[in-house]
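K.L.:
below is the sequence, then the predicted model.
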Amino acid sequence: MKRKSALLLLLPFMAITKSYCFEPAVKQNIRPFSQLEIGVNASTLGIGFDFATPINDYLSLRGGYTFMPKFTLSMEFGVGIEEGTPAVGEGEVVESKFDKMASIVEGLTGSKVNDHVTMLAEPTMHNFKLLVDVHPFNNKHWRFTTGFYAGPSTIARVSNSAEDMPTLYAANMFNNMYDKAIIDEPVISWNGMDLYAGEALLEYGRLGFAVGNRADGTVYKMEPNEYCMVGVEAKTNAFKPYLGFGYSGGNGKTHLNLDCGLLFWGGAPDIITHDGTNLTRDITNIEGQMGKYMDLARRFTMFPMLSIGISRVL
């Protein structure tokens, strides 16, 4: 049964190769750099173009550029403060610390504070590539490939949506008031008058987004920076070795190209917040959508590359 399933999966690939392999490519005593082949492709790395030229009957050189088109994925972070366990009498409605804080901020600024922030993730990956194709068989349509991809180390960015700026501004303002209350300094000094937040503010704690736990068990909260923004970057090695195999076949000067391989980017990507915290290595028990994305990212110590393209010999 397993053999039958495997054969069924191979049928589309066999059909493609049969359609484009009209005549077997054999040894032709090719001179180095005697022709140039250019093409376009779509792959798990995005879309791109490449060029290829032969070195001899068994080796060819291939280079090019790939980039990931822009798109966004959204995820939500809960906004909150450390909550105690309030005593609730029968029929009594107890206002949470977050609700109290939101009321304070709304009274001061007129802006409402949401209990969540939407984060938008977008890929920024693009790479130049230089590859060597090895054709060890008499049928030159099949090849093994080695080489490297190189590009910026940042492959994705995550930032808050514009609609959440009032909430992030309110969080910074509240945290500033809280810090001043701890050291008993005035929040505002104007015209000889000092305005203090008051000791009652100390029961709330700082406002932020509870992401997960540090190694010592404490909760890591991501707080807005001085520009009322929160952000995350995914980083890998800028230099990424590649190993794979492929097929190229066609009628005349037009070729169909298929490639499959692995991009080695030196372990799982580092997911780093704007305050320098590495979520991949320093934080555990990340919940929600971010937790799912982090679990996925930690598994990608190597990146699978699948590509299909069309090229033409000039």
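P.N.:
It's in. Numbers count the residues shown, from 1 in each chain.

K.L.:
sheet-wise, list the partners of the helix or strand containing residue 61 with their directions.
P.N.:
Under the criterion of DSSP states H and E, residue 61 resides in strand 59-67. When pairing is defined by DSSP bridges, strand 59-67 lines up against strand 46-54 (antiparallel), strand 126-134 (antiparallel).

K.L.:
what sits up against the first one?
P.N.:
With contact meaning C-beta atoms under 8 Å, 6 or more residues apart in numbering, strand 46-54 is reached by 30-41, 60-69, 123, 125-126, 129, 133, 309, 311. The C-beta positions use only the backbone N, C-alpha and C, and glycine is treated the same way.

K.L.:
what do you get for the last one?
P.N.:
Strand 126-134 has contacts (C-beta under 8 Å, 6+ apart) with 45-46, 50, 52, 58-68, 143-152, 240, 242, 246.

K.L.:
could you rerun that using 7 Å?
P.N.:
45, 58-68, 143-151, 242 (C-beta atoms under 7 Å, 6 or more residues apart in numbering).

K.L.:
hang on, the earlier thing: ChimeraX command for the buried members of the contacts of strand 46-54?
P.N.:
Listed next is the ChimeraX selection for buried residues among the contacts of strand 46-54, using 16 or more other C-beta atoms under 10 Å:
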select :30,37,39,41,60,61,62,64,65,66,68,123,125,126,129,133,309,311
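
K.L.:
about what we covered before: and the strand holding residue 61, how far out from the chain's middle?
P.N.:
The chain centroid and the centroid of strand 59-67 are separated by 24 Å under C-alpha atoms, centre = their mean, to the nearest Å.

K.L.:
that strand - what's its average pLDDT?
P.N.:
The pLDDT scores in strand 59-67 average 95.

K.L.:
do you know which of the strands paired with strand 59-67 lies nearest residue 157?
P.N.:
Closest to residue 157 of the strands paired with strand 59-67, according to C-beta to C-beta: strand 126-134, at 13.1 Å.

K.L.:
where do the strands sit along the stretch 101-250 of the chain?
P.N.:
116-123, 126-134, 142-150, 154-160, 188-190, 193-195, 208-213, 219-222, 231-235, 239-251 (DSSP state E, counting those that start in this stretch).

K.L.:
now do the last one against strand 126-134, angle only.
P.N.:
Which is strand 239-251. 60 degrees (axes from the mean of the first three to the mean of the last three C-alpha atoms, to 10 degrees).

K.L.:
and strand 239-251, what does it pack onto?
P.N.:
When contacts are defined as 3 or more C-beta pairs under 7 Å, 6 or more residues apart in numbering; DSSP states H and E, strand 239-251 packs onto helix 2-20, strand 142-150, strand 254-264.

K.L.:
check the third one too.
P.N.:
In this structure, strand 142-150 packs against strand 126-134, strand 239-251, strand 254-264, with contacts taken as 3+ C-beta pairs under 7 Å, 6+ apart.

K.L.:
what pLDDT, on average, does the longest one get?
P.N.:
If I follow you right, that is strand 239-251. The model assigns strand 239-251 a mean pLDDT of 92.

K.L.:
can you check the last one too?
P.N.:
Throughout strand 254-264, pLDDT has a mean value of 94.

K.L.:
counting contacts, what elements does that strand pack onto?
P.N.:
strand 142-150, strand 239-251, strand 302-313.

K.L.:
out of the ones you listed, which comes closest to residue 199?
P.N.:
So among the helices and strands packed on strand 254-264, strand 302-313 is nearest, using C-beta to C-beta, at 53.2 Å.

K.L.:
quick one: buried residues of that closest one?
P.N.:
302-303, 305, 307, 309, 311.

K.L.:
reformat the residues you listed as JSON lines; add distance to residue 296 and pLDDT.
P.N.:
Compiled in JSON lines, the buried residues of strand 302-313 are given as follows (distance: C-beta to C-beta, whole Å; pLDDT from 0 to 100):
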{"residue": "302", "distance to residue 296": "14", "pLDDT": "91"}
{"residue": "303", "distance to residue 296": "12", "pLDDT": "92"}
{"residue": "305", "distance to residue 296": "17", "pLDDT": "94"}
{"residue": "307", "distance to residue 296": "21", "pLDDT": "96"}
{"residue": "309", "distance to residue 296": "27", "pLDDT": "95"}
{"residue": "311", "distance to residue 296": "33", "pLDDT": "94"}
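
K.L.:
for residue 23, give me the pLDDT.
P.N.:
For residue 23, the pLDDT comes out at 42.

K.L.:
low-confidence ranges in the protein?
P.N.:
Residue ranges of the chain with pLDDT under 70: 1-29, 80-95, 97, 194-195, 197-198, 200-201.

K.L.:
quick one: furthest residue from the center of it?
P.N.:
residue 192 (50.8 Å; C-alpha atoms, centre = their mean).
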